[in-house]
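A.B. asks: heads up, no residue letters with this:
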């Protein structure tokens, strides 16, 4: 059959035989086998990832309801390398019919098709944690939820049917609950608890910085209780849902939108389905394509859609609205940071929104410098946030890290080796707020290297860096003056002694007057430096 | 309703309202939005990724059929930033009924549930390329396939229905084809063609190194034809399918296997469903759990499954069989390398198989050194293979790179700065062959950092490094001798002149005899070094 002369002597296998092996792979089976893609590669990381996904979900829920979040996180050891993680919120609760699928079905959620800033994007996180718990302990997840004091509290125990990616209900009953509304999720999983930079504790601490409106009580596996108190009683500005911007649309999506739209003609399709397409813009697009404005969208061919797609890129369209974003803001970023990090100097910057691939985003940067929290000669610490979620793992793969590496920190008073993080007693915090954060993997640990994003982060770092530099210059000046003084001070007794012998005056008086002379210039220097600091948002 | 006194003045949103937003997200929609996870982040990379996925598929198909692969790759420019990529093979073809789903449904494939070494793992690659083509050009993929000269050739044009993740048949007809059997896939996509380290050309060149049995004809967008000829007429040893090893099984999977098994009791379940579980091992497991051997698997509780799971880790079980692996082998690795890379010295090592999480894997390393292909003072080039597939992108995120960085190359005659790749005129090739390669993302560009894998790679690098060191030491000795000689040579005319004056002999004769004396020692040194080289598998 095959024509090669060099055919090996193995029996040929036919397509029919191979066909028998073909089958559909459920997304649950896929992620069960590839659980490292979801952040569950090691027991330490798995514990942190599960808590992160659960807390993020609670925060989103409370904000969607317009209620200040009160969250309780309890991690209890349940056996060798096993923990029960429980996260309880005062959010809106979930209607009974949807509880099983919200928690025990992967790729089920409310945010995938909407354009607004939120922590969750794809309906994966919490169900992935439940999948992982089931995989490693065989235990079902326990869900308690109530939507109103007038309604009963529902309690579910849920497995995921891996082959179908559908919930399997183990227990479904009504129970008594002290809460009027809210949700509690309990997952038993294989994990490992430890302290340090990559720990649950660190994630929660950073979450408190990025969410100054959050009140969180945390009981760790050693039964120690930590409370992160809110520093503001105002909810973040609610991000508005927007329509896609024409610049960010891809041809395949445009074709699908044309097919599915309820708009009756091309012109209304363009003005209805996109943001920033006024009648004038729609007319310009249509004119340039040479198509008729009253063409029915469903009848537009792929070829004509391609024309529209190409024309869109040439027409000048206003950038997308930015009220879909909810940045932390300079003041609250500083407040959050000051609460958790003890430093001598703080500065923060919120940039104006920018756009990548039609998607709005906004960068915020804060720097803390000096004080007992830091070592003098270590690499600076980096804290990364995306839509108010701390990113703990994969620092080196992240666009934020790349941006810091590519900034010349020697200009701003820090040491830096080529291609490395700067060195100094400092912490750099970067927040990206966006309608769609491009993560490098499902576990949402690092941001992809889009040029536009890196450029914006660098600009923010430079702006904040200049404030730091002003502070360091002043501090260094004061410090140098102090050092000069302390050097002279050492000689005062000797000089006074000699002068006393020469002049016959009392040595003690000479010492006092020498000291006075020496320190005369200092207060001015300090005042000058302090003045600068306050402008640069120094510690009050 | 909410109890906080600090309730903001925003209207509360109820669970019922939020519930309306909840919906299922198809895996096609998920990957359409997250196409960078599949390797389609930039036009340059997208082109390389599509070719890679298509060629990998063809190679797997040919090997499954036991036929030496003849593959034709054609990339044609079809417009501004648009290309038609066509890959044609002489594999078994695909039965008519399955063509639509094999190509136009994500997570559909034949290898996900089987344990043997193959390029494809999850049934994502080619359909992802088709998804990307559709997204960026709106065009359907064109598939031609025939399974036997006695059967007709089927031609399909396929779209993916994104909302359902199901094929949408645009054209379905029979056509004439010169081939007896095989498959041809054509995808039009947005891309960018360029030469260099991260190009399609480079991928194909490396694929030829890792697949010495492959014959590939490539016509690039500039219409230049390149042929990669096979260097062996033997197919790789066929990897055998194995059962999972007990050490690699997770509790959740064990529970599911117990539920789905056709074995009638616990003992036969253990011996039938796992590799390396003899009757004696099964009895030992059962005894240690205190369960009855004739227990029906379906009736075993989660708690008892947990007991079995824990006992398995304590029982001594033979490592999994390794005929599921098909390494390239030292000889063929060298042959492939020599064909594509011009160097002075070559060495290769195939390690014995090792195991991570119950999964067998094998590491192979080859080094090429010296010659006109390399610069003296640059970082060494790294070529990475996983199951014979070249990994082009994400080098810095890969366990292979980490292993090279963590090896002390100064021991083996190369320069190296701390934490960097070694410097020198060399190429390091690493191949990991495994039943399941743990990639860091769906795009399969980098290998996750498992300790066992990194350890094995380092051992292989060290073994190969020692051969390199022997060669470098000898070469350096010859080189130094030559340098000494050329230094003396400079003085010969002057010395000869003086001697001629002193002795009265002819200057020309003195020059000749001085030259003779000088070069006397050299041939020996060279012979010695060459002898060493041949042992070290130097270029013949």
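C.D. replies: Perfect, I can see it now. Small disclaimer: the values here were computed from a predicted structure and weren't measured.
A.B. asks: shouldn't residue A:198 be within a helix?
C.D. replies: No: according to DSSP: H, G, I helix; E, B strand; the rest coil, the state of residue A:198 is coil, so it is not within a helix.
A.B. asks: let me see the contact set for the residue lying closest to residue A:95 once chain neighbours are set aside.
C.D. replies: Excluding the flanking residues, the one nearest residue A:95 by CB to CB, 6 or more residues apart in numbering or on different chains is residue B:19, at 4.6 Å. No exception for glycine: its C-beta is placed from N, CA and C like everyone else's. Each residue near residue B:19 by CB atoms under 8 Å, 6 or more residues apart in numbering or on different chains is listed here: A:94-95, A:97-98.
A.B. asks: let's see it at 10 Å
C.D. replies: Residues counted as contacts of residue B:19 (CB atoms under 10 Å, 6 or more residues apart in numbering or on different chains) are A:92, A:94-98, A:102, A:110, A:147.
A.B. asks: phi, psi of it?
C.D. replies: phi -60, psi -30 (degrees, to the nearest 10).
A.B. asks: ok, now how distant is it from residue A:56?
C.D. replies: Here the criterion is CB to CB, to the nearest Å. By it, residue B:19 lies 19 Å from residue A:56.
A.B. asks: kindly report the same for residue A:295.
C.D. replies: 44 Å.
A.B. asks: compare the two (neighbour count), which wins?
C.D. replies: residue A:56 (22 against 17; other CB atoms under 10 Å in any protein chain shown).
A.B. asks: any idea which element that one lies in?
C.D. replies: Using DSSP states H and E, residue A:56 maps to helix A:43-65.
A.B. asks: shouldn't residue A:376 be in contact with residue A:369?
C.D. replies: No: if you go by CB atoms under 10 Å, residue A:376 and residue A:369 don't touch, sitting 11.4 Å apart.
A.B. asks: out of those two, which sits in the more crowded spot?
C.D. replies: With neighbours defined as other CB under 10 Å, residue A:376 and residue A:369 compare such that residue A:369 has more, 24 against 8.
A.B. asks: mind giving me the domain split of chain A?
C.D. replies: Domain assignment of chain A by automatic domain parsing yields the ranges A:28-228, A:246-314, A:330-464, A:471-535.
A.B. asks: for the most centrally placed residue in chain A, give me its contacts.
C.D. replies: What sits nearest the mean C-alpha location of chain A, by CA atoms, centre = their mean, is residue A:386, with 2.1 Å. Listed by CB under 10 Å, 6+ apart, the contact set of residue A:386 reads A:117, A:119, A:210, A:361, A:398, A:400, A:430-434, A:437-439, A:444-447.
A.B. asks: those residues in strands, which ones?
C.D. replies: A:361, A:430-434 (DSSP state E).
A.B. asks: just the closest of those residues to chain B, please.
C.D. replies: Checking the ones in strands among the contacts of residue A:386 against chain B with CB to the nearest CB, the nearest one is residue A:434 at 13.6 Å.
A.B. asks: counting neighbours, what do you get for that closest one?
C.D. replies: By other CB under 10 Å, neighbour count at residue A:434 equals 22.
A.B. asks: around chain B, pick out the residues from the stretch 251-400 of chain A.
C.D. replies: By CB under 10 Å from any CB of the partner chain, the part of the stretch 251-400 of chain A that sits against chain B consists of A:251-256, A:260, A:301-303, A:305-306, A:309-310, A:394, A:396-397.
A.B. asks: can we see that at 7 Å?
C.D. replies: Residues of the stretch 251-400 of chain A found near chain B (CB under 7 Å from any CB of the partner chain) are A:251-253, A:255-256, A:302, A:305-306, A:397.
A.B. asks: worst mean pLDDT across the helices and strands of chain A, which element?
C.D. replies: helix A:522-535 (a mean of 55; mean pLDDT, DSSP states H and E).
A.B. asks: packing partners for the lengthiest helix in chain A?
C.D. replies: Across chain A, the longest stretch assigned as helix under DSSP state H is helix A:451-503. Applying 3 or more CB pairs under 7 Å, 6 or more residues apart in numbering or on different chains; DSSP states H and E, one finds that helix A:451-503 contacts strand A:345-350, strand A:354-356, strand A:359-369, helix A:399-405, helix A:507-519, helix A:522-535.
A.B. asks: describe which strands the helix or strand just after the third one pairs with in its sheet and in which direction.
C.D. replies: What that stands for is strand A:359-369. Sequence-wise, the next helix or strand downstream of strand A:359-369 (DSSP H and E) is strand A:381-386. In the sheet, strand A:381-386 lines up against strand A:389-391 (antiparallel), strand A:426-434 (parallel) (DSSP bridges).
A.B. asks: would JSON lines of those strands with mean pLDDT be doable?
C.D. replies: Shown next, in JSON lines, are the strands paired with strand A:381-386 (pLDDT from 0 to 100):
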{"stretch": "strand A:389-391", "mean pLDDT": "96"}
{"stretch": "strand A:426-434", "mean pLDDT": "96"}
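A.B. asks: contacting residues for whichever residue of the stretch 301-450 of chain A sits closest to chain B?
C.D. replies: Closest approach between the stretch 301-450 of chain A and chain B, counting by CB to the nearest CB: residue A:302, at 4.4 Å. If a contact means CB atoms under 7 Å, 6 or more residues apart in numbering or on different chains, then residue A:302 has A:255, B:138 as its contacts.
A.B. asks: measure it to residue A:80 for me?
C.D. replies: Residue A:302 is 59 Å from residue A:80, by CB to CB.
A.B. asks: then residue A:360?
C.D. replies: Where residue A:80 is concerned, residue A:360 sits at a distance of 48 Å (CB to CB).
A.B. asks: if we can go back for a sec, could the strands paired with strand A:381-386 go into JSON lines alongside distance to residue A:41?
C.D. replies: JSON lines is the format used below for these (distance: least, CB to CB, whole Å):
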{"stretch": "strand A:389-391", "distance to residue A:41": "16"}
{"stretch": "strand A:426-434", "distance to residue A:41": "24"}
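A.B. asks: what's the closest of those strands to residue B:231?
C.D. replies: Comparison of those against residue B:231 by CB to CB identifies strand A:389-391 as nearest, at 46.9 Å.
A.B. asks: mind checking the SS state of the nearest residue to residue A:94 once chain neighbours are set aside?
C.D. replies: Excluding its sequence neighbours, the residue lying closest to residue A:94 (CB to CB, 6+ apart) is residue A:145, at 4.8 Å. With three-state DSSP as the basis, residue A:145 sits in strand.
A.B. asks: wait, what's in contact with residue A:145?
C.D. replies: Taking CB under 7 Å, 6+ apart, one finds A:93-94, A:99, A:154, A:183 in contact with residue A:145.
A.B. asks: repeat for residue A:65
C.D. replies: A:91-92, B:12-13.
A.B. asks: show the buried residues in the residues you listed.
C.D. replies: A:91-92, B:13 (16 or more other CB atoms under 10 Å in any protein chain shown).
A.B. asks: can you give me the neighbour number for residue A:331?
C.D. replies: Using other CB under 10 Å, residue A:331 is surrounded by 13 other residues.
A.B. asks: can you tell me the element it falls in?
C.D. replies: Assigned by DSSP H and E, residue A:331 falls within helix A:330-340.
A.B. asks: and residue A:360 and residue A:80? Which one has more around it.
C.D. replies: The neighbour count for residue A:360 versus residue A:80, taken as other CB under 10 Å, is higher for residue A:360 (25 against 7).
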